[in-house]
Each structure stands twice: as C-alpha cells, then as structure tokens.
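Q: what follows is a predicted structure for the sequence shown.
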Amino acid sequence: MERIPILKMGDHLLVTIQVDMHDRLATTLQEDLTDRIVKVHARAVLIDISALEIVDSFMGRMLGNIAAMARVLDAETVVVGMRPAVAITLVELGLTLKGVRTALNVEKGMEILRSSLASGSGPVHAPEAQEPESADAEG
Amino acid sequence: MSIRSSEDIVRVRQAVRALAVDLRFSLVDQTKIVTAASELARNTLDYGGGGLVRLEALTEGARRGLRLTFEDKGPGIADIERALTDGYTSGSGLGLGLGGARRLCNEFQIESRPGEGTRVTIARWT
C-alpha cells in the first residue's frame, strides 16, 4: 500500500508530503503518525507541505486533526512551507487552519519546535501564538 | 470524466490544472479553480454517490475561462440555501465545500431535485 514516509530525528518526526494526496493516503498518514508518536516517544512533528499545489478542506481538516491528535499525545505540530497561492485560496475557501501552527520553512519550523520544547512547556495550547518570545533558541 | 473513487478526485484536480495552465491562468487562478474542483468532486462522490464532471474551455473576446459541470444522480439537496451556508454539513466534512467553491469562482450555479440528483456549474475567468 502507498504510504507517506515518516522520518525520525531525535524526538522529532518529519513528514514531507510530495504527492497529490488522495483521501485514503491522508487517512493512513494520520494513523501512521499517531502510531509513530507513541512508539518513539516523539515530542514534535514537522509537516512540510511545500510540494502541495493545493490544500482543500479535506486536507485542511486532516492537518488540523493531526495537530490535535499529536497535542493529546503530548507532541507539538508545525506545518511548514505553504505556497502563497495555496494560502490565498485557503483563506478564501474559509479555512484558517485554527489550531495548526505554521512556519514559512523547515528551518523556522524547527526553531519554533526547539524553543517550545526547550521552554519545557510542552505543546503550546494557544494556536494564535505564531512566534515564540525567546529570540535565540538556536544556541 | 467520471468520479467514482478518491483517486478520481486526484485525476479531476490534475485535468483541471492542465487545462488551466493551457488557458494561461495565473498561478493563483489555477489554484482557486483546482481547489474548487476538488471540493465539488468530493461532494459528488460523498453526497451524490459518484457522478460525472465536464470540463470546458471558454473564450469571450480576449477573456479566457474554464467551466466545470458536476452532475450526480444522488439524493439531491432539499434546502440549497442551507447547503451553501458555511459550517452546515449533512456529512462528516467541515461544511465549507459548496460555499467555499462558490467564493473561489466567478460564476456558480446549482440545480438540485430531491431524489433525482444535483448539478453544480462553476466558471472562472482570467
């Protein structure tokens, strides 16, 4: 069966979505990710959607679900790399991805995850907070 | 093109994208019509029990456009106004599909008869 690969890096899981996702693939990803979070005790999930040409309401819901499930399992999710045309379309569609943290690219996404894990607060429950306060978490 | 499975939704997206590129739609216009097509194809599958979509390239003077017609023989929609309201859903979705697709297009038409099916026509112009 076709699957989206999940890479482990320390206590982070990395997912790069590179195919035009059909619905079953999206559902499989949700299940695989939650399994992996528990199995490897992951604290953070980074999802790179820079290859996605569209995000429709189904995929948006899937991203929201993943973030919510990960949060319940004490892991934080950041979605990175959304294309500008996709962002414009999503908002017009009426989807604002509430509850999903976003960053412009993988580097910035990793920064967010690192500093929120370093602060020891675990998953941040206020999704509106886009940038953490600590400026130099990179160290 | 027929819409019978979730793989067909992907195929519809790819066909609409290819036609929009041929018509020299801007990247944002391409993205909008492909996203609208994805929403409507999913409605056809989930609520209409499958159906068909027809793709047409349009020209009107210097303007170029793309029209998509989605048809199913499903249960139909009793209250179209309500179905177009954001957040209203009879299924498991977010209830953004119809209203969202309408916002992403320049023209939107819906005809439906309970028990007979639904036809949704959208168009986007450059």
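A: Structure's in. What do you need? Numbers count the residues shown, from 1 in each chain, chains lettered A, B, ... in the order given.
Q: what residues sit buried inside stretch B:12-26?
A: Residues of stretch B:12-26 classed as buried by neighbour count (16 or more other Cβ atoms under 10 Å in any protein chain shown): B:12-13, B:15-17, B:19-20, B:23, B:25. Every residue, glycine included, has its C-beta placed from N, CA and C.
Q: can you put those residues in CSV and add secondary structure, pLDDT and distance to residue A:91?
A: Compiled in CSV, the buried residues of stretch B:12-26 are given as follows (DSSP: H, G, I helix; E, B strand; the rest coil; pLDDT from 0 to 100; distance: Cβ to Cβ, whole Å):
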residue, secondary structure, pLDDT, distance to residue A:91
B:12, helix, 97, 23
B:13, helix, 96, 19
B:15, helix, 97, 25
B:16, helix, 97, 20
B:17, helix, 97, 20
B:19, helix, 97, 25
B:20, helix, 97, 20
B:23, coil, 95, 24
B:25, coil, 96, 19
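Q: if we check chain A, which of these are in contact?
A: Among the buried residues of stretch B:12-26, the ones lying near chain A by Cβ under 8 Å from any Cβ of the partner chain are B:13, B:17.
Q: list just the nearest of the buried residues of stretch B:12-26 to residue B:77.
A: Within those, the smallest distance to residue B:77 is 20.3 Å, found for residue B:12 (Cβ to Cβ).
Q: continuing past the longest helix seen in chain A, what's the next helix or strand?
A: Longest helix in chain A by number of residues (criterion: DSSP state H): helix A:23-40. Note on helix A:23-40: by DSSP states H and E, the next helix or strand toward the C-terminus is strand A:44-48.
Q: tell me which other helices or strands that following strand touches.
A: strand A:12-16, helix A:57-72, strand A:76-80, helix A:106-118 (3 or more Cβ pairs under 8 Å, 6 or more residues apart in numbering or on different chains; DSSP states H and E).
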